[in-house]
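Asker: What follows is a predicted protein model with its sequence.
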Amino acid sequence: MSTPWEGGSDRVRTSDSEREEVATILRAAVTEGRLTLEEGDERLARTYAAKFREDLGPLTADLPGGGREALWRTPEALTAMRRRLRLHGAGALVLAGVLVGLWVLSGAHFFWPLLPLIFIAISLRRHARFVRYGAWWARGPWGGAPWGPGFTRGPGNSPREPCGPGGWRGRGA
């Protein structure tokens, strides 16, 4: 029979990147006026002093969407989303050109690329709407962000991997 390690716990230590993510959220909250400078400084000090993931949660719990909404409105996040939209648009144009070229070469009497082109247009429109109205996604279906540095949890109470505005990498632990 094995015994648990003496002095061990289920607490997970936080990483520098997780602390920086929370610090970015707090700086954005101060910039928006949701926190005063004194509150922001106090929370930043507690952020950098945090040793465990569960110490970071209360620092952003009273901010809308756990503070994640502010991350979507930073200039860096907006630039990254627009860059991905441009890449998506360029890829859609290339694919549309290839499909139309294949149709011309095939000599078919009906325009068979119509259905794939409709799906490509729909995906591009959805992507453009996400870039324009993307802040609603930061709230997530559980009232908080669907990802985060361990203190934001999804269904089944599974911790999520940290992620910045460049994308999301949720995974159950």
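Answerer: Done, it's in. Numbering: from 1, shown residues only.
Asker: how distant is whichever strand or helix holds Leu85 from the center of its chain?
Answerer: Per DSSP states H and E, Leu85 falls inside helix 75-106. Relative to its chain's centre, helix 75-106 lies at 22 Å (Cα atoms, centre = their mean, to the nearest Å).
Asker: other SSEs contacting that helix?
Answerer: Here helix 75-106 touches helix 114-133, going by 3 or more Cβ pairs under 8 Å, 6 or more residues apart in numbering; DSSP states H and E. Heads up, the C-betas are built off the backbone N, CA and C, glycines and all.
Asker: ok, the nearest residue to Ser106 once chain neighbours are set aside to Ile118 distance?
Answerer: Leaving out its chain neighbours, the residue that sits closest to Ser106 by Cβ to Cβ, 6 or more residues apart in numbering is Trp112, at 7.8 Å. Trp112 sits 12 Å away from Ile118, taking Cβ to Cβ, to the nearest Å as the criterion.
Asker: neighbour count winner among these two?
Answerer: Trp112 (13 against 10; other Cβ atoms under 10 Å).
Asker: List phi and psi for the more buried one.
Answerer: Main-chain torsions, Trp112, degrees, to the nearest 10: phi -70, psi -20.
Asker: start the count at 475, not 1, going forward
Answerer: New numbering, starting at 475: the last item is Trp586.
Asker: quick one: low-confidence ranges for the protein?
Answerer: Scanning the chain for pLDDT under 70 picks out 475-483, 608-647.
Asker: List the contacts of Gly571.
Answerer: Counting by Cβ atoms under 8 Å, 6 or more residues apart in numbering, Gly571 makes contact with nothing.
Asker: measure it to Trp577 for me?
Answerer: Taken as Cβ to Cβ, the span from Gly571 to Trp577 is 11 Å.
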